[in-house]
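# Everything below, folded, please.
(2 chains)
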Amino acid sequence: MTVISSTKNPEALSLTIVAEFDAGVERVWQIWEDPRQLERWWGPPTWPATFEEFDFRPGGKSTYYMTGPDGSRARGWWRFTAIGAPGRLELDDGFADDFGNPVEDMGTARMAATLEDLGGRTRMTIASTFESEEQMQKMLDMGMEEGMGQAMGQIDAILAGQPAA
Amino acid sequence: MVVDELREAELDRVFRAFADSTRRDIVRRVTGDGLNVSGLARHYAMSFAAVQKHVAVLERACLVTKERRGREQLVRANRDGLERARRLLEEYEAIWRQRAGRIADILAEGTAQGREAP
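Next up is the predicted model:
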């Protein structure tokens, strides 16, 4: 299993995820830096993400949409608040309307990704903080369509398709 | 739907209540046996009235309950509100587990560097 731990803090509405990967820090950084790689993992197969604007520098903005099973699009935006290649990335994540303009009253989630070198492997720590439960629910609605059963099947398929570790 | 709007309004109250560090601290202190307001007020450099106000915000968000004990009011954490937040965080964790699986899949492509278009 790739994810090794998670820490939940319901009172502060924050979550920390720690995962380790069999690849160097520079390589793992690319899955954030390159929007074509990013969109292969950000959304689930039922809600794939497409990044349009992608201004990867401090203060830069990105716009994206996720396409649902019925063809509907859920739009969002990122604002990169700190970029320290290849070890640290911070961004604000929010909802957008059909024209890609931020919907301010839905609030923003703050996310910080840290990559650490473990002698050729990489530990990635993601810390997410939400502003409201409503906002968090909306984010979940875009990602949990497939349900847990399908998610487990997907992980099994990935593991089965890989050479034994 | 009206029911959904009511629910959303309630959720919004919950997380506005949690947005304040003093209120988060109050919730931590009143899990378990609970405390009365004057007992709580001793922990903070603010007036009894200010603490009472924080407790009222938490009570409106259904995060604490108040029950009368003689001349005092006992403040206690409301587990349901915390449970709801916890459930949402668990769903979010599941999303990151899936993402990590997909990242591992991309990285397993190895020397191909994964630069190709989907």
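# Now do the helices in chain B.
B:2-18, B:21-29, B:37-41, B:48-60, B:79-107 (DSSP state H).
# for the spatially most central residue of chain A, phi and psi?
The residue lying closest to the centre of chain A (CA atoms, centre = their mean) is A:Trp42, at 4.9 Å. Dihedral angles of A:Trp42 (phi, psi; degrees, to the nearest 10) stand at phi -60, psi -50.
# that older thread, of all the helices of chain B, which lies closest to A:Ala85?
helix B:79-107 (17.2 Å; CB to CB). C-betas here are computed from N, CA, C, even on glycine.
# With distance to A:Glu53, mean pLDDT and mean neighbour count added, can I get the helices of chain B in JSON lines?
JSON lines is the format used below for those (distance: least, CB to CB, whole Å; pLDDT from 0 to 100; neighbours: other CB atoms under 10 Å in any protein chain shown):
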{"stretch": "helix B:2-18", "distance to A:Glu53": "29", "mean pLDDT": "57", "mean neighbour count": "15"}
{"stretch": "helix B:21-29", "distance to A:Glu53": "35", "mean pLDDT": "82", "mean neighbour count": "17"}
{"stretch": "helix B:37-41", "distance to A:Glu53": "48", "mean pLDDT": "92", "mean neighbour count": "17"}
{"stretch": "helix B:48-60", "distance to A:Glu53": "39", "mean pLDDT": "90", "mean neighbour count": "17"}
{"stretch": "helix B:79-107", "distance to A:Glu53": "21", "mean pLDDT": "81", "mean neighbour count": "19"}
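# Ok, which of these comes nearest A:Pro102?
Smallest distance to A:Pro102 across the helices of chain B (CB to CB): 18.4 Å, for helix B:2-18.
# rewinding a little: relative to A:Asp98, which of the helices of chain B is closest?
helix B:2-18 (20.6 Å).
# related to what we said a few turns ago, gap between the closest residue to the residue nearest to the centre of chain A other than its chain neighbours and B:Arg68?
Sequence neighbours aside, A:Ala49 is the residue nearest to A:Trp42 in space, at 4.2 Å (criterion: CB to CB, 6 or more residues apart in numbering or on different chains). To B:Arg68, A:Ala49 is 53 Å away according to CB to CB, to the nearest Å.
# who has more neighbours, those two?
Set side by side, A:Ala49 and B:Arg68 show more neighbours around A:Ala49, with 20 against 8, by other CB atoms under 10 Å in any protein chain shown.
# what's the more buried one in contact with, if anything?
Shown in contact with A:Ala49 (CB atoms under 8 Å, 6 or more residues apart in numbering or on different chains): A:Leu38, A:Glu39, A:Trp42, A:Gly43, A:Tyr64, A:Tyr65, A:Met66.
# Kindly recompute the last result at 10 Å.
Neighbour list for A:Ala49: A:35, A:38-43, A:64-67, A:74, A:76, A:142-143 [criterion: CB atoms under 10 Å, 6 or more residues apart in numbering or on different chains].
# And for B:Val37?
For B:Val37, counting by CB under 10 Å, 6+ apart, the contacting residues are B:Ile26, B:Phe48, B:Ala49, B:Val51, B:Gln52, B:His54, B:Val55, B:Lys66, B:Glu72, B:Gln73, B:Leu74, B:Val75.
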